[in-house]
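1. need the 3D shape of this:
(chains A and B)
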Amino acid sequence: MRPDPRFRVAIGGVLVALLAIGCNREPESVSSKARVVAKSGAVWGRDLANGLGLQEWELCAELGGYDCIGEAHLVALGGVEPAVLGIDEPLPNATVSAPIAVDRVASSACAERWDRDQAGPAVIFGAVLEKDSAANREAVASRLVERLLARTATRDELRALTDLHDAVAPVSSSPARDWGVGACVVVATSTEALFY
Amino acid sequence: MLTRRQLVQRLAAAAGMGAGATLFNSRALAQQGDDPRFLIVLCASGGGSIIDGPLAIRASESMNPDGINTFPDELVTTWSDSPFRAVDQSAGSMGPIPAGFSVRPSEFFGRRRNELMVTTLTGTSVNHNIAQRRSITGNEAWLGRTLQEMVAWQYGMSAPVPNVHLVAGMGYNESGSDASVPTYARRQIVADPLLWPLSLDGSKGLAKGLDPAVLAAVRSARNDAFEPANRFDQIFAQSARLKEWKELRGGAQADIEALELINRLMIAPESTSFPLSEYGLSGSPSADAVRAAFPDYAIDPLHAQAAMAFLLLKYRVSVTVTLGPSFSFVYDSTGAATNGLPDDSVLNPPLAFDFSHQAHRAGQAVVWSRLYAVVDGLISLLQAEDFGDGTSMWDRTMIYIATEFGRQKTRPSGASDWGTAHDLNNGVMVFSPLVPGNTLLGGVDPDTGLTYGFDPLTGDPEPGRTTAEAEVYSGLLGALGIDTSGSGLPDVPAMRKG
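-> Modelled structure (predicted):
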């Protein structure tokens, strides 16, 4: 027996309504389970390199010779080194120096991207390099979130990034560069970039 | 964000009872931080046998000299004023390793025996990892809290990284199992002492980076504006990992950077491998002294650890440090080979003391000697360091040589080297002005090689009694002045000075 066409229309209407609600619905504000895992340094570094258009070994080298992720900060960033140090499992908790190490890697990598964009062709900072204006900073902020977090930035996030210029300008001799590198560091070292 | 003092006050309110009053009194903890004791745990990884150390048995003392682990009388140095011995020895190989060795611990004990207390001990596990853990928890004697955590808790509230472990992956490095121990007192692992200082400042020493003031603005924008607007951060706000991460970004990070540790803890000198000045760095003002004390710092991780241990205490970064040889083979390739590997080229045999499975006598001799050198260097450095009140750092420091267990006491008749299994029966060394020096608590039966215990109150030897892990744990805490009221631990005044 075929269902009444009016009934089909009603079901369709309900489905469409539910779909519309689902698409527009805000996510739950807080996860009750909150199961979050830190990316290893290798994974975070790969994401960072991809986002910045660099090779992994170009991100950062301490004292010019110690690869930040593969050597200098290897264990602090969740790596293992069984041969000499005897560390054959990642440390169970973050070390006190890990957030600083992350800032160093990101600062170095973001500054490298800035320098290369200056030399051209620009990958991220082109708009600000062309003209340091509020609109161009917003364009760069948007691009940073797209490249480093693989999604579109929200208005609040863009505002947080562009407002950084006001904080940096009084203490910087090169506000455009320091804002660009700094905004890049903000996104690259945010919890969303470091954890999953 | 809570300060440590506020945290302690809340813990006190939450815990209510069951621990020392000092530990839950923020004012008392602050005062203790101004008058600290320092604990160095030196791990005798693999099973350091006390009868191959200061309780060596001379053959003439034993009714069974060929059947148990005794030494020819002429090798054993004794002192008329001391219960301790030292065995100077050499051999053309280390069991299967064709490298000769020569050790002279009599020089060390000649200088340091007055700062040494040996307490006998009979453990409860011959599993490496379990026994390692029990050596720092007294077999979970006080809610599973480690010695290091207790020292960090009572004396380290003001230190940026109170409890540092310079060796990793062993039971000695486990966190305790009591969740009420404050986060600041839990262990922080430092994997590579030579490179670690480079992770102690967000700006300095980078070829490309951000000036400190700019970085401060960037961090503030991230922590206070970007992340609060970020859905990921909002959704997972209750994550313990995120909370821990944000706590690490907070006060501890600021304290560390303010202390200029990227320079002060830099052991390596200016060189092509460490072009410090090129990156605006200077190295530690104490680096010459620590490199002189631990000259193999560049090739031997234990020497690098020891150098860092001293600097961490000197600059009050930490109040307790844990170090020790790993199970990795460490070899000095600079010597000239003769018939095999160069003499004394094996700095750490494979498995450290556990090399005794293959070559007991050589393994024990070489690794004990290695630890004595570290103790000697640390004492010298700490003695030369003024605490600021006319006393030296050494006056308030304890070096506890923790180990898993002893070794089998018997040997094939008359063998000069042989392999041994693990044995629960043993003893431990404690170097410190805080314990009665030149003192043996308990004794050793020369006919069996087994140690026996002592009266915890008087210290008188008691053949037939054994010393428990909890007694050693409690005695060490007592000597360090840790408030153990309410813990139920056995009182061991014999291990306290005076």
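
2. now do the helices in the stretch 101-250 of chain B.
-> Assigned by DSSP state H, counting those that start in this stretch, the helices in the stretch 101-250 of chain B fall at B:105-112, B:128-137, B:147-155, B:212-221, B:231-235, B:240-247.

3. what stretches of the chain score poorly on pLDDT?
-> No chain specified, so I'll use chain A. A:1-28 (pLDDT under 70).

4. my bad, chain B
-> If you take pLDDT under 70 as the line, chain B has these spans: B:1-21.

5. try 90 this time
-> In the predicted model of chain B, residues B:1-34, B:168-169, B:183, B:191, B:247, B:250-255, B:326-328, B:333-340, B:485, B:498 satisfy pLDDT under 90.

6. centroid-wise, who is the farthest residue in it?
-> Within chain B, the residue lying farthest from the chain centre (C-alpha atoms, centre = their mean) is B:Ala229, at 44.4 Å.

7. wait, what's in contact with it?
-> By C-beta atoms under 8 Å, 6 or more residues apart in numbering or on different chains, the contact list for B:Ala229 reads A:154, A:156-157, A:159-160. C-beta here means a position set from N, CA and C on the backbone, and glycine is covered the same way.

8. so which of the residues you listed wins on neighbours?
-> A:Glu157 (26 neighbours; other C-beta atoms under 10 Å in any protein chain shown).

9. in CSV, list the C-alpha atoms belonging to stretch B:422-441.
-> Output in CSV follows, covering the C-alpha atoms of stretch B:422-441 (Å, rounded to 0.1, in the frame of the first residue of the first chain):
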residue,chain,number,x,y,z
HIS,B,422,69.1,-10.4,42.2
ASP,B,423,68.8,-10.6,46.0
LEU,B,424,66.4,-8.8,48.2
ASN,B,425,69.1,-8.4,50.9
ASN,B,426,71.2,-5.3,50.6
GLY,B,427,71.9,-1.8,52.1
VAL,B,428,72.0,1.8,50.9
MET,B,429,74.4,4.7,51.2
VAL,B,430,73.4,8.2,52.3
PHE,B,431,75.9,11.0,52.1
SER,B,432,74.9,14.1,54.1
PRO,B,433,75.7,16.3,57.0
LEU,B,434,72.1,15.7,58.1
VAL,B,435,72.7,12.1,59.0
PRO,B,436,75.2,10.5,61.5
GLY,B,437,78.4,10.3,59.5
ASN,B,438,80.9,7.4,59.4
THR,B,439,78.1,5.3,60.7
LEU,B,440,76.8,1.8,59.8
LEU,B,441,73.3,1.0,60.9
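
10. tell me which residues touch the residue in the stretch 251-400 of chain B positioned nearest to chain A, please.
-> Taking C-beta to the nearest C-beta as the measure, the point where the stretch 251-400 of chain B comes nearest chain A is B:Ser326, at 3.7 Å. If you count contacts by C-beta under 8 Å, 6+ apart, B:Ser326 has them with A:85-86, B:45, B:167, B:169-170, B:301, B:348, B:352.

11. change it to 10 Å
-> Neighbouring residues of B:Ser326 by C-beta atoms under 10 Å, 6 or more residues apart in numbering or on different chains: A:82, A:84-87, B:43, B:45-46, B:167-170, B:301-302, B:305, B:348, B:351-352.

12. picking that back up, quick one: the residue farthest from the centre of chain B from A:Val128, how far?
-> Distance from B:Ala229 to A:Val128, counting by C-beta to C-beta, to the nearest Å: 21 Å.

13. what about stretch A:119-139, start to end distance?
-> Stretch A:119-139 has its terminal residues 20 Å apart, counting by C-alpha to C-alpha, to the nearest Å.

14. near chain B, anything from that stretch?
-> No - judged by C-beta under 10 Å from any C-beta of the partner chain, stretch A:119-139 stays clear of chain B, getting no closer than 12.8 Å.

15. got the helices of the stretch 101-250 of chain B as a markdown table, with distance to chain A columns?
-> Listed next are these as a markdown table, based on distance: least, C-beta to the nearest C-beta, whole Å:
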| stretch | distance to chain A |
| --- | --- |
| helix B:105-112 | 26 |
| helix B:128-137 | 12 |
| helix B:147-155 | 13 |
| helix B:212-221 | 4 |
| helix B:231-235 | 4 |
| helix B:240-247 | 5 |
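
16. does B:Gly205 really touch B:Tyr279, like I thought?
-> Yes - between B:Gly205 and B:Tyr279 a contact is recorded at 4.6 Å, counting by C-beta atoms under 10 Å.

17. tell me which of those two has more neighbours.
-> Neighbour count, other C-beta under 10 Å: between B:Gly205 and B:Tyr279, B:Gly205 has more, with 21 against 16.

18. report the buried residues of stretch A:145-163.
-> Neighbour-count burial for stretch A:145-163 flags A:145, A:147-149, A:153, A:157-162 (criterion: 16 or more other C-beta atoms under 10 Å in any protein chain shown).

19. also stretch B:25-37?
-> Quick answer for stretch B:25-37 (16+ other C-beta under 10 Å): B:25-26, B:28-29, B:32-33, B:36-37.

20. with stretch B:59-78 instead?
-> Quick answer for stretch B:59-78 (16+ other C-beta under 10 Å): B:59, B:62, B:65, B:67-71, B:75-77.

21. go on, stretch A:51-71?
-> A:51-52, A:54, A:56, A:58-63, A:66-71.

22. quick check: end-to-end length of that stretch?
-> 21 Å.

23. any idea where the helices of chain A begin and end?
-> A:5-24, A:41-52, A:98-119, A:126-130, A:134-149, A:155-168, A:175-188, A:191-194 (DSSP state H).

24. in a markdown table: the ones you listed, plus distance to B:Ala384.
-> Shown next, in a markdown table, are these (distance: least, C-beta to C-beta, whole Å):
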| stretch | distance to B:Ala384 |
| --- | --- |
| helix A:5-24 | 71 |
| helix A:41-52 | 39 |
| helix A:98-119 | 31 |
| helix A:126-130 | 54 |
| helix A:134-149 | 50 |
| helix A:155-168 | 46 |
| helix A:175-188 | 42 |
| helix A:191-194 | 43 |
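
25. buried deepest among the helices of the stretch 101-250 of chain B, which one?
-> Ranked by mean neighbour count, the helices of the stretch 101-250 of chain B are led by helix B:147-155 with a mean of 28 (mean count of other C-beta atoms under 10 Å in any protein chain shown).

26. what's the angle between that one and helix B:128-137?
-> Inter-element angle recorded for helix B:147-155 and helix B:128-137: 30 degrees (by axes from the mean of the first three to the mean of the last three C-alpha atoms, to 10 degrees).

27. quick one on the thing from earlier: of all the buried residues of stretch A:51-71, which comes closest to chain B?
-> Set against chain B, the nearest of the buried residues of stretch A:51-71 by C-beta to the nearest C-beta is A:Glu62 (4.8 Å).

28. chain neighbours aside, what residue packs nearest to the closest one?
-> Spatial nearest neighbour of A:Glu62, excluding adjacent residues (C-beta to C-beta, 6 or more residues apart in numbering or on different chains): A:Ala72 at 4.1 Å.

29. can you count the residues close to that neighbour?
-> Look at A:Ala72: counted by other C-beta under 10 Å, it has 25 neighbours.

30. do A:Pro82 as well
-> 12.
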